[in-house]
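Asker: The following block contains a protein sequence and its predicted model.
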Amino acid sequence: MTFDNLLGKNSQFAAVIRAARLIAKTNVTVLILGESGTGKELLAQAIHQHSGKQGSFTTVNCAALPETLAESELFGHKKGAFTGANEQQGRIQAAKNGTLFLDEIGELPLNVQAKLLRFLENGECQMLGSSRTEIVNTRILAATNRNLEAEIQQKKFRADLYYRLNIVPLELPSLQQRESDIKMLLHEFTRELAENYNLSPPKYSKTTLKQLRSYTWPGNIRELRNFCERMVILNGGKTIEPTNLPREFYSLPIPDSIFNLPDNGICLKKLEISMIKQALKKTYGNQTKAARLLGLTRDTLLYRMKKYAIK
């Protein structure tokens with residue numbers, strides 16, 4: 001995976017790629033942010049590929065690590081460290097002179113976060129059950145779709161680790177924010193997948209393209225690629241019309257009233273406060289995303305949060 005494989009002309013996306021190119025050959029820790037499916041791991045792979053490092057690119061999904069084994073998985077363990085344990089190196093040692101990509105870093109248990117912080121600060125790696133430390137040259141790239149600042153407030157993530165990871169943050173925009181890239185990505189994925197399956201690529205009518213551009217793409221790039229794969233397999237060589245699209249791509253008509261006023265009335269102020277708090281909770285405190293859920297600009301949301309003393 002190289003930077004040339006990460007396609008897109010959207011200005012926000014292009015700025016992220018330019019910054020990633022600049023830091024690739026350094027050894028700086030990088031925190032990659034963005035919604036699920038925006039390509040955080042692909043960006044990490046490209047950074048490693050351009051880093052010039054001789055070691056491997058190793059991925060760890062922190063959300064899949066059992067809490068009781070997370071420390072052992074990352075740092076390794078000595079024989080007898082726990083019942084039935086034989087000596088085994090951790091993922092950090094396995095990625096020596098290379099890159100360790102910690103996906104979903106926000107899921108890492110707090111006790112392991114403390115040990116990871118020590119490694120980031122001085123390169124010391126201590127195996128579970130050992131009294132000795134060794135210096136390991138492994139670059140850390142981390143990613144999350146969570147708002148870590150909100151996680152810190154909730155005591156779920158260490159502030160000191162966040163500041164150590166956040167030296168160079170790279171935030172990938174959602175596909176909805178990259179509307180101008182959708183047509184290009186659609187055709188490129190379709191061409192590539194048709195070639196892989198040895199099928200004729202389908203074509204997309206103008207009406208279909210308009211429908212696809214207006215779709216919100218909650219699964220982002222991953223969802224778009226999966227959609228293209230489905231179209232190639234089911235409609236190879238055909239022209240895809242809106243009637244060929246899956247049900248979720250049809251825009252549902254908005255009813256005249258999306259809220260039924262109860263006979264005894266409501267307190268509009270309380271309702272507005274409740275909606276703002278719900279939006280902030282759903283987006284883990286991300287004000288930009290919360291504003292988008294509410295159909296507001298970020299400035300308008302901030303004004304209303306200040307008005308109602310919402311923190």
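Answerer: Nice, I can see it.

Asker: Tell me which stretches of the stretch 151-300 of the chain form helices.
Answerer: Applying DSSP state H, counting those that start in this stretch to the stretch 151-300 of the chain gives helices spanning 159-165, 182-197, 206-214, 220-235, 268-282, 287-294, 298-307.

Asker: now the stretch 1-150 of the chain
Answerer: Counting by DSSP H, counting those that start in this stretch, the stretch 1-150 of the chain has helices at residues 11-24, 40-49, 70-75, 91-94, 110-122, 148-153.

Asker: In a markdown table: the helices of the stretch 151-300 of the chain, plus mean pLDDT.
Answerer: Listed next are those as a markdown table, based on pLDDT from 0 to 100:
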| stretch | mean pLDDT |
| --- | --- |
| helix 159-165 | 95 |
| helix 182-197 | 96 |
| helix 206-214 | 91 |
| helix 220-235 | 96 |
| helix 268-282 | 89 |
| helix 287-294 | 87 |
| helix 298-307 | 88 |
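
Asker: distance of residue 202 from residue 233?
Answerer: Counting by Cβ to Cβ, to the nearest Å, the gap from residue 202 to residue 233 is 10 Å. Where C-beta positions appear, they are placed from N, C-alpha and C, glycine not excepted.

Asker: Neighbour count: the two, which is higher?
Answerer: residue 202 (20 against 13; other Cβ atoms under 10 Å).

Asker: was I right about that one contacting residue 239?
Answerer: Yes: in this structure, residue 202 is within contact of residue 239 by Cβ atoms under 8 Å, at 7.0 Å.

Asker: State the distance from residue 263 to residue 271.
Answerer: Remark: distance between residue 263 and residue 271 (Cβ to Cβ) = 16 Å.

Asker: When those two are compared, which one has more neighbours?
Answerer: Higher neighbour count among residue 263 and residue 271: residue 271, with 11 against 5, using other Cβ under 10 Å.

Asker: Residues in contact with stretch 36-52: which ones?
Answerer: Residues from elsewhere that reach stretch 36-52 (Cβ atoms under 8 Å, 6 or more residues apart in numbering): 1-3, 5-6, 16, 20-21, 23-25, 30, 32-34, 57, 59, 98-99, 101, 103, 139, 141, 143, 145, 170, 172-175, 219-223.

Asker: quick one: which of those sit in strands?
Answerer: Residues of these located in strands (DSSP state E): 30, 32, 33, 57, 59, 99, 101, 103, 139, 141, 143, 170.

Asker: What residue spans form the domains of the protein?
Answerer: 3-171, 176-249, 268-307 (automatic domain parsing).

Asker: List the buried residues of stretch 127-139.
Answerer: Applying a neighbour-count criterion of 16 or more other Cβ atoms under 10 Å, one finds 127, 128, 130, 136, 138, 139 buried in stretch 127-139.

Asker: so the second one touches residue 71, yeah?
Answerer: Yes: applying Cβ under 8 Å, one finds residue 128 in contact with residue 71, separated by 5.7 Å.

Asker: Where does pLDDT dip in the chain?
Answerer: 80-81, 83-85, 251-259 (pLDDT under 70).

Asker: Could you rerun that using 50?
Answerer: 252-254 (pLDDT under 50).

Asker: quick revisit: can you name the two of the ones in strands among the contacts of stretch 36-52 that are farthest apart?
Answerer: 33 and 57 (19.6 Å; Cβ to Cβ).

Asker: how near is the closest residue to residue 147 other than its chain neighbours to residue 209?
Answerer: Distances taken as Cβ to Cβ, 6 or more residues apart in numbering put residue 284 closest to residue 147, at 3.7 Å, once the chain neighbours are dropped. Distance check for residue 284 against residue 209: by Cβ to Cβ, it reads 33 Å.
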